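> Kindly return the folded structure for what I paste below:
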Amino acid sequence: MGSDYPFPLGEVPVAGQMLVEEEELDGFLSWDERAMMLAGSTINFLGLQDTFGGVFIERLEKFRRVNGLDRKGENGVATPPMTENTGVSILSPR
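Here you go, the predicted structure:
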């Protein structure tokens, strides 16, 4: 995966569409990892947790509820705990 989101990586006209719709990714990318690639990592890198971290967490939790994920991928494997060790510091206490 490239790190130049939101620029399309051959995904014209919708950047990020592959991360959301490509079923082949289900075997090795959790939805939390996809969310980090689309927004979370940038929020962390730029130090925007106070401005955007709450909205990011809220939308990710809503996505989980609506899609019945409960931190589990479609293959039933639980998503790793969200800690700074996994690069998801916006989901951890500061």
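
> Which helix or strand lies directly C-terminal to the helix or strand of the chain with the lowest mean pLDDT?
Within the chain, confidence by mean pLDDT, DSSP states H and E is lowest for helix 17-21 among all helices and strands, at a mean of 82. Downstream of helix 17-21, the first helix or strand assigned by DSSP states H and E is helix 31-35.

> could you dump that following helix to PDB, C-alpha only?
Listed next in PDB are the C-alpha coordinates belonging to helix 31-35 (Å, rounded to 0.1, in the frame of the first residue of the first chain):
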ATOM      1  CA  TRP A  31     -11.000  -2.600   9.100                       C
ATOM      2  CA  ASP A  32      -9.000  -0.900  11.800                       C
ATOM      3  CA  GLU A  33      -5.800  -1.100   9.700                       C
ATOM      4  CA  ARG A  34      -7.700   0.200   6.700                       C
ATOM      5  CA  ALA A  35      -9.100   3.100   8.700                       C
END
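
> Against which helices or strands is it packed?
Applying 3 or more CB pairs under 8 Å, 6 or more residues apart in numbering; DSSP states H and E, one finds that helix 31-35 makes contact with helix 54-66. Glycine gets a C-beta too; all of them are placed from N, C-alpha and C.

> Give me the buried positions along the helix it packs on.
Burial within helix 54-66, assessed by neighbour count using 16 or more other CB atoms under 10 Å, is assigned to 56-57, 60, 64.

> Run through the chain and note the low-pLDDT ranges.
For the chain, the stretches with pLDDT under 70 are 1-13, 70-94.

> 90 instead?
Applying pLDDT under 90 to the chain picks out residues 1-31, 37-38, 67-94.

> Leaving out sequence neighbours, find the closest residue to Leu19.
Arg34 (4.8 Å; CB to CB, 6 or more residues apart in numbering).

> Next, count neighbours for that neighbour.
Arg34 has 21 neighbours, counted by other CB atoms under 10 Å.
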